[in-house]
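[1] based on what follows, work out the 3D shape:
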Amino acid sequence: MIGSDVDIVLLVTPPAFRPQHLKASVEAGKHAFAECIAGVDAPGVRSFLKSSELAASRNVGILSGFCWRYHAGARAAQQQILDGAIGDVRTVYATFYRPSFDRHYGGQRKPEWSDLEWQLRDWADFLWLGGDLSIGLSGGHSVDKIAWWLNDEMPVKAVGVGGRQFPGEGNTFDHCQVAYEYADGKRAFLGVRCQNGCHNENADYIIGADGVCTLGRGGAPVIDGRHEWKYSGPLPRMHQVEHEEFIASIRAGKPINDGPRMARTTLMALMGRMAAYTGQEISWEQAMNSQQSLVPTDIDWNTRIELTPPPQPGVTKFS
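    Predicted coordinates for the structure are as follows:
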């Protein structure tokens, strides 16, 4: 496929393979849509970032799967915030509470399945394949919006709590709370949960000195406070908009490159995961320089893939 005459490659496998697939795409001169997240560990993120920089030098486009930045209402809300409608942003609280992924992926292993086939079929529950989707694929969208609301400033450190309420296949958490701290002392808070039978919510609360902007909760973005506002414009599907804008940018000779931003957002999510898994405060530098590599090398359908046990905060070590 890479050697064909296609213009755009869609990278939508489990995110464990995203870095190597992006590298191959960029080196072949192919524009790429990269579904979130950019990788499952820091070495993968560093590889993804390097490929993104190579893409920029070769005028090759990368479209991120973090789609909310292409949402018309969210864009309008961000412009209101930039124009000072809520004053100085003091903090952000973002939620992604959703049902368990086992509704879509899970199931008991069949005797004829190899380790790899079993884990690929149920990839959302395995750390090395999905990166812990509660804070990765699902929570990653909220992390990207936190970064957006704060003008893509990255936090200097994070602390977190989390756990695994229901036993079953896999070795990831199903709930997590992270507090991100920034250089000026402000904080942003993320709450994620993937459990059935619970309250569901995907919302952002951007709290400023003069008001609060709320995005989500089933309606248009609104601002309450000194300058009240509600988005009343059209709401085209953001997934469609992002691809339309990507294709238009390629045709114009100035392809969008979301790659560096996608890499930073992914590392911010992984930083929160590291903090929650270990129970320790994790700095941005620690997260970026982590040497933990989760993805096995030279795998095939018969490779024996040993699973690490689920993390235990206070016991699991940072690496």
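[2] ok, then the element right after the helix or strand of the chain with the lowest mean pLDDT?
    Between all helices and strands in the chain, the lowest mean by mean pLDDT, DSSP states H and E belongs to helix 115-121, at a mean of 92. Next helix or strand after helix 115-121 toward the C-terminus (DSSP states H and E): helix 127-130.
[3] helices and strands around that next one, which ones?
    helix 115-121 (3 or more Cβ pairs under 8 Å, 6 or more residues apart in numbering; DSSP states H and E). For glycine as for every other residue, the C-beta is placed from the backbone atoms N, C-alpha and C.
[4] gap between the helix it packs on and the chain center?
    From the chain centre to the centre of helix 115-121 is a distance of 23 Å (Cα atoms, centre = their mean, to the nearest Å).
[5] how about that helix: buried residues?
    For helix 115-121, the neighbour count (16 or more other Cβ atoms under 10 Å) marks Asp115, Leu116, Trp118, Gln119, Leu120 as buried.
[6] how about stretch 176-191?
    Neighbour-count burial for stretch 176-191 flags Cys176, Gln177, Val178, Ala179, Tyr180, Glu181, Lys186, Ala188, Leu190, Gly191 (criterion: 16+ other Cβ under 10 Å).
[7] show the average pLDDT along the longest strand seen in the chain.
    In the chain, assigned by DSSP state E, the strand with the most residues is strand 89-98. The average pLDDT for strand 89-98 rounds to 96.
[8] list the buried ones in that strand?
    Residues of strand 89-98 classed as buried: Val89, Thr91, Val92, Tyr93, Ala94, Thr95, Phe96, Tyr97, Arg98 (neighbour count, 16+ other Cβ under 10 Å).
[9] could I get the residues you listed in JSON lines, plus columns for distance to Lys23?
    Output for the buried residues of strand 89-98, formatted as JSON lines (distance: Cβ to Cβ, whole Å):
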{"residue": "Val89", "distance to Lys23": "36"}
{"residue": "Thr91", "distance to Lys23": "37"}
{"residue": "Val92", "distance to Lys23": "33"}
{"residue": "Tyr93", "distance to Lys23": "36"}
{"residue": "Ala94", "distance to Lys23": "31"}
{"residue": "Thr95", "distance to Lys23": "34"}
{"residue": "Phe96", "distance to Lys23": "29"}
{"residue": "Tyr97", "distance to Lys23": "35"}
{"residue": "Arg98", "distance to Lys23": "31"}
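[10] specify which member of those is nearest to Ala276.
    Distance to Ala276 across the buried residues of strand 89-98 (Cβ to Cβ) is lowest for Phe96, with 14.2 Å.
[11] so the closest one touches Gly139, yeah?
    Yes - in this structure, Phe96 is within contact of Gly139 by Cβ atoms under 8 Å, at 5.1 Å.
[12] identify the farthest-apart pair in the buried residues of stretch 176-191.
    Maximum pairwise distance among those (Cβ to Cβ): 20.7 Å, between Cys176 and Lys186.
[13] now what about the least confident helix or strand of the chain, what contacts it?
    The contact list for helix 115-121 (Cβ atoms under 8 Å, 6 or more residues apart in numbering) reads 14, 105, 107, 109-110, 113, 126, 128-129, 299-305.
[14] highest neighbour count among the residues you listed?
    Within the contacts of helix 115-121, most neighbours by other Cβ atoms under 10 Å means Phe126, with 26 neighbours.
[15] return the distance of it relative to Ser249.
    Between Phe126 and Ser249 the computed distance is 35 Å (Cβ to Cβ, to the nearest Å).
[16] about what we covered before: from the contacts of helix 115-121, which ones fall inside helices?
    The helices in this structure, assigned by DSSP state H, contain Trp128, Leu129 from the contacts of helix 115-121.
[17] out of the contacts of helix 115-121, which one has the weakest pLDDT?
    The minimum pLDDT among the contacts of helix 115-121 falls on Tyr105, with 57.
[18] for the lengthiest helix in the chain, name the packing helices and strands.
    Counting by DSSP H, the longest helix found in the chain is helix 259-278. Contacts defined by 3+ Cβ pairs under 8 Å, 6+ apart place helix 259-278 against helix 42-57, strand 62-64, helix 139-149, strand 157-163, strand 175-181, strand 282-283, helix 284-289.
[19] that older thread, turn the buried residues of helix 115-121 into a markdown table, columns for distance to Gly211.
    Output for the buried residues of helix 115-121, formatted as a markdown table (distance: Cβ to Cβ, whole Å):
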| residue | distance to Gly211 |
| --- | --- |
| Asp115 | 52 |
| Leu116 | 51 |
| Trp118 | 50 |
| Gln119 | 47 |
| Leu120 | 47 |
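[20] okay then, goodbye and thanks.
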